[in-house]
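Asker: What would the 3D arrangement of this be:
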Amino acid sequence: MRKKNRTSRIGFISALTLLFHCDGFTARVSPWSLVKERSALSLFRQATSDNDVVEWNVYVDQSKASLEKRANTALDAFLALAPSSVAVTPAVFKSKAKGGMIRCISSKKNKSFEVSNVDSVDKVYRILTKHMELKVSTKVCDCLKWKYKGNGHLEAGQIDLAIDAYDKAIETEVGQQEGIVLLMRSTAYLQRAISHRTTLKEIVNELIGMVPSALPFVFDEAIRHPSLANAIFRKFVEHTERQDKHFRKTQYRHGLYQYALLKAAQDAIRATQLLPYYEVAWLRAGEILSELWRLKESAQYYENAIELDSSLESSLRPVIERLRLRQELLDTARAYGWTEDILRLALDYQRA
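Answerer: Prediction:
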């Protein structure tokens, strides 16, 4: 086992030596950025038929003042919670109110009202059930609460709490929200992976620093002074054992990084199945697959994103070309005979 670890360690350091001279591996395919939810009727609104009778019109203010009061939360909550008899429309109000304004107008009853500071799922729920006297799914309400808790934790960098909140949102089994929650959870797992990769780079740098630069001199001294040979080689063996222990630590951290990426990929790919017309889901899946060095698959997901949004062509076409070049370099690196795990470790270190 010790010999195997030592061979792997030497192979890893050799792989790094080659990759330091391969410019194609020195830059990431695309910069990581947090996926920001955007309200879209096609994503979050249940389908309505021509036979549906609109009993209420709800206008949700999207002015700067309201956006600062989390107006997107209110719009998303109305779209998800309101029954099909309610038409929800984003609007911009000219009002002196401090923000978070919504205006509700009944088409059947002679009734209308305005409410300000609407910035949470609970407030939207109370407006729908008490003011508008409508029946609302408590399960959808719970799902939205957990989703927004997850978003808050994610923005605060509390990755574990964010993933736990998204888990609870998915457990509510609200189909219309599952796709976007999976997309946000994949973002959280990607953040966790990037955190592991940062730590991995630090550990590998320590390992590289442990390789003695004066190794040829040590052997020359042992040859010139046979009486010191045993002591010199004993010290060298002790040093090598410390390297092996540190390399096992490197492998463990790399495993955590790979696991987080796999979880992110599972969620992102599932999100593309649930939200097939949402280009952001395809972009996220493409990015994560490139992190996993599944380069051909990554390129295909980027192509699908371009088909959905042609404006992405100019920014993604160079990325797809770099993926192709990376695939060629990857095939060349494999030809050197390194094992797949050592090659991936070396590549991920170079990417960090």
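Asker: Tell me which residues touch Lys147, please.
Answerer: Under the criterion of C-beta atoms under 8 Å, 6 or more residues apart in numbering, the contact partners of Lys147 comprise Ala165, Tyr166, Ala169, Gln177, Ile180, Val181, Met184. All C-beta atoms are positioned from the backbone trio N, CA, C, and that covers glycine.
Asker: List buried residues within those.
Answerer: For those, a burial check counting by 16 or more other C-beta atoms under 10 Å picks out Ala165, Tyr166, Ala169, Gln177, Ile180, Val181, Met184.
Asker: what comes up buried for the host helix or strand of the last one?
Answerer: Right, Met184. Using DSSP states H and E, Met184 sits in helix 175-209. Residues 176-194, 196-197, 200-201, 203-204, 207 are the ones in helix 175-209 that count as buried (16+ other C-beta under 10 Å).
Asker: Which other helices and strands does that helix contact?
Answerer: Contacting helix 175-209 under the criterion 3 or more C-beta pairs under 8 Å, 6 or more residues apart in numbering; DSSP states H and E are the following elements: helix 2-19, helix 41-44, helix 138-155, helix 159-171, helix 226-274, helix 279-291, helix 340-351.
Asker: rerun that using 7 Å as the cut-off
Answerer: helix 138-155, helix 159-171, helix 226-274, helix 279-291, helix 340-351 (3 or more C-beta pairs under 7 Å, 6 or more residues apart in numbering; DSSP states H and E).
Asker: Out of the ones you listed, the one nearest Thr332 is which?
Answerer: Closest of these to Thr332 is helix 340-351, at 11.0 Å (criterion: C-beta to C-beta).
Asker: any idea how far the closest residue in space to Tyr166 that isn't next to it in sequence lies from Thr198?
Answerer: In space, not counting the residues next to it along the chain, Tyr166 is nearest to Arg185; the distance is 3.9 Å by C-beta to C-beta, 6 or more residues apart in numbering. Distance, Arg185 to Thr198, using C-beta to C-beta, to the nearest Å: 21 Å.
Asker: same question, Leu261
Answerer: Taking C-beta to C-beta as the measure, Leu261 and Thr198 are separated by 14 Å.
Asker: Low-confidence ranges, the stretch 201-350 of the chain, go.
Answerer: Segments of the stretch 201-350 of the chain classed as low confidence (criterion: pLDDT under 70) are 207-243, 246, 337-350.
Asker: and if we set it to 50?
Answerer: Along the stretch 201-350 of the chain, segments meeting pLDDT under 50 span 214-215, 219, 222-223.
Asker: before we move on, the earlier item: which one of the helices and strands packed on helix 175-209 has the most crowded surroundings?
Answerer: helix 279-291 (a mean of 26; mean count of other C-beta atoms under 10 Å).
Asker: counting contacts, what elements does that helix pack onto?
Answerer: Partner elements for helix 279-291 (3+ C-beta pairs under 7 Å, 6+ apart): helix 175-209, helix 226-274, helix 295-308.
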